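Novice: Predicted model and sequence below, questions to follow.
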Amino acid sequence: MAEIVSLADGIAELVRDGDVVALEGFTHLIPMAAGREIIRQGRRELTLVRMTPDLVYDQLIGAGCARKLVFSWGGNPGVGSLHRFRDAVEHAWPRALELEEHSHAGMANRYVAGASGLPFAVLRGYSGTDLGAVTPTIRSVDCPFTGERLAAVAALNPDVTVVHAQRADRRGNVQLWGLLGVQKEAVLAARRSLVTVEEVVAELSPVPGAVVLPSWAVDRVAVVPGGAHPSYAQGYSERDNQWYQDWDAISRDRERFGEWLRDNVFADSGSLA
């Protein structure tokens with residue numbers, strides 16, 4: 001059964017230097033508070049995995065937590081580039097960043113293979129691109145039934161997956177709904193998992209289209225209201241569009257980014273600024 005802990009304890013127990021770490025969430029339910037806690041605890045040499053790296057990984061990369069990024073798209077949604085990401089790639093600041101790029105479909109299938117206990121996944125994809133030539137986790141295979149040439153991608157099994165959800169019950173069963181990505185698959189594929197939630201309730205009431213992560217699939221649950229800000233948690237909060245726009249200016253300048261870290265990550269563990 002999943003144990004309910006504080007966010008600080010959950011990160012301290014589950015995320016270790018050198019880990020492969022997936023923080024997943026699509027458009028909403030992005031585990032932003034968990035990302036700040038990883039920075040606060042000074043984790044280093046992480047391989048960060050995410051289908052759509054956005055602000056949470058811009059912050060982790062800028063803080064020097066990452067040595068490698070495995071991804072399929074990166075940007076500040078609706079605004080533009082991730083400037084801390086760009087600085088790491090273009091100028092190795094605060095350190096060089098290794099990249100491993102996939103398509104969305106490739107990343108999703110890697111999680112599915114990992115969750116299924118399979119060594120790889122097969123899909124029609126990557127045709128006409130050079131990703132297979134530069135990405136060691138992409139190969140080609142011949143279908144044993146039709147002879148069709150297909151793409152194969154290695155299974156992805158993160159050391160730890162962190163996601164945000166709307167709620168959990170007291171036994172650690174987690175419920176999330178709305179626009180979802182690969183949270184379920186990323187949790188099931190991981191060796192360890194932490195879910196931050198808006199609240200813990202006595203019993204999970206049915207919600208149309210909701211996904212339930214059973215307690216046995218989750219290691220730790222932490223109650224973090226607003227833990228997805230500036231993204232949103234459907235039914236609990238709205239997207240803070242201004243924050244995304246403000247981040248563009250904050251992240252462009254190394255000194256201003258350092259001030260943001262000092263004032264909003266290290267000085268005040270509860271800040272959502």
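Specialist: Okay, I see it.

Novice: Give the rounded mean pLDDT of stretch 29-47.
Specialist: The average pLDDT for stretch 29-47 rounds to 98.

Novice: With stretch 193-200 instead?
Specialist: pLDDT averaged over stretch 193-200 gives 98.

Novice: Give the buried residues for it.
Specialist: Neighbour counts over stretch 193-200 (16 or more other CB atoms under 10 Å) mark 193-198, 200 as buried. To be clear about C-beta, it is placed using only N, CA and C from the backbone, and glycine gets the same treatment.

Novice: likewise stretch 124-131?
Specialist: Across stretch 124-131, burial judged by 16+ other CB under 10 Å covers 125-126, 131.

Novice: other SSEs contacting the helix-or-strand element of the chain with minimal mean pLDDT?
Specialist: Using mean pLDDT, DSSP states H and E, the weakest-scoring helix or strand in the chain turns out to be helix 131-134, at a mean of 92. Applying 3 or more CB pairs under 8 Å, 6 or more residues apart in numbering; DSSP states H and E, one finds that helix 131-134 contacts strand 138-142.

Novice: Just to check, V207 is in contact with L176?
Specialist: No. Contact between V207 and L176 fails when scored by CB atoms under 8 Å: they sit 9.0 Å apart.

Novice: Counting neighbours, go ahead and name the busier of those two.
Specialist: Here V207 and L176 are compared on neighbour count by other CB atoms under 10 Å; more neighbours surround L176, at 26 against 16.

Novice: Across the sheet, point out what pairs with that one.
Specialist: Partner residues in beta bridges with L176, using DSSP bridges, are V211.

Novice: Can you tell me how far it is from A33?
Specialist: In this view, L176 and A33 are 16 Å apart by CB to CB, to the nearest Å.

Novice: same check, this time on A202
Specialist: According to CB to CB, A202 stands 24 Å off from A33.

Novice: ok, now K184?
Specialist: Distance from K184 to A33, by CB to CB: 20 Å.

Novice: ok, now W216?
Specialist: 25 Å.

Novice: So for these two, which residue has more residues nearby?
Specialist: Counted by other CB under 10 Å, W216 and A33 do not tie: A33 has more neighbours, with 24 against 11.

Novice: Surely that one and P225 touch.
Specialist: No. Taking contacts as CB under 8 Å, A33 lies outside contact range of P225: 9.3 Å.

Novice: ok, and what's touching stretch 138-152?
Specialist: Contacts of stretch 138-152 with the rest of the structure, by CB atoms under 8 Å, 6 or more residues apart in numbering, involve 102, 106, 120-127, 131-132, 153-154.

Novice: List the buried residues for stretch 174-185?
Specialist: Going by neighbour count (16+ other CB under 10 Å), the buried part of stretch 174-185 is 174-178, 180-185.

Novice: Which ones among the residues you listed map onto strands?
Specialist: Judged by DSSP state E, strands contain the following of the buried residues of stretch 174-185: 174-176.

Novice: what sits against K184?
Specialist: 115, 211, 213 are the contacts of K184 under CB under 8 Å, 6+ apart.

Novice: same thing but 10 Å
Specialist: Applying CB atoms under 10 Å, 6 or more residues apart in numbering, we find K184 in contact with 24, 111-112, 115, 163, 174, 176, 211-213, 217.

Novice: From V224, how far out is it?
Specialist: Computed as CB to CB, the K184 to V224 distance reads 19 Å.

Novice: How about V89?
Specialist: For V89, the distance to V224 - CB to CB - is 30 Å.

Novice: With neighbour numbers in mind, choose between these two.
Specialist: Per other CB under 10 Å, whichever of V89 and V224 has more neighbours is V224, with 23 against 17.

Novice: For the nearest residue to that one once chain neighbours are set aside, give the beta-bridge partners.
Specialist: Closest residue to V224 apart from its sequence neighbours, by CB to CB, 6 or more residues apart in numbering: T196 at 4.1 Å. Counting by DSSP bridges, T196 forms beta bridges with H164, A222.

Novice: wouldn't T196 be in contact with A8 here?
Specialist: No. At 11.6 Å, T196 does not count as touching A8 under the criterion of CB atoms under 10 Å.

Novice: Can you list the residue ranges for strands in the stretch 151-273 of the chain?
Specialist: For the stretch 151-273 of the chain, the strands defined by DSSP state E, counting those that start in this stretch cover 160-169, 174-176, 192-201, 211-213, 220-223.

Novice: Okay then, goodbye and thanks.
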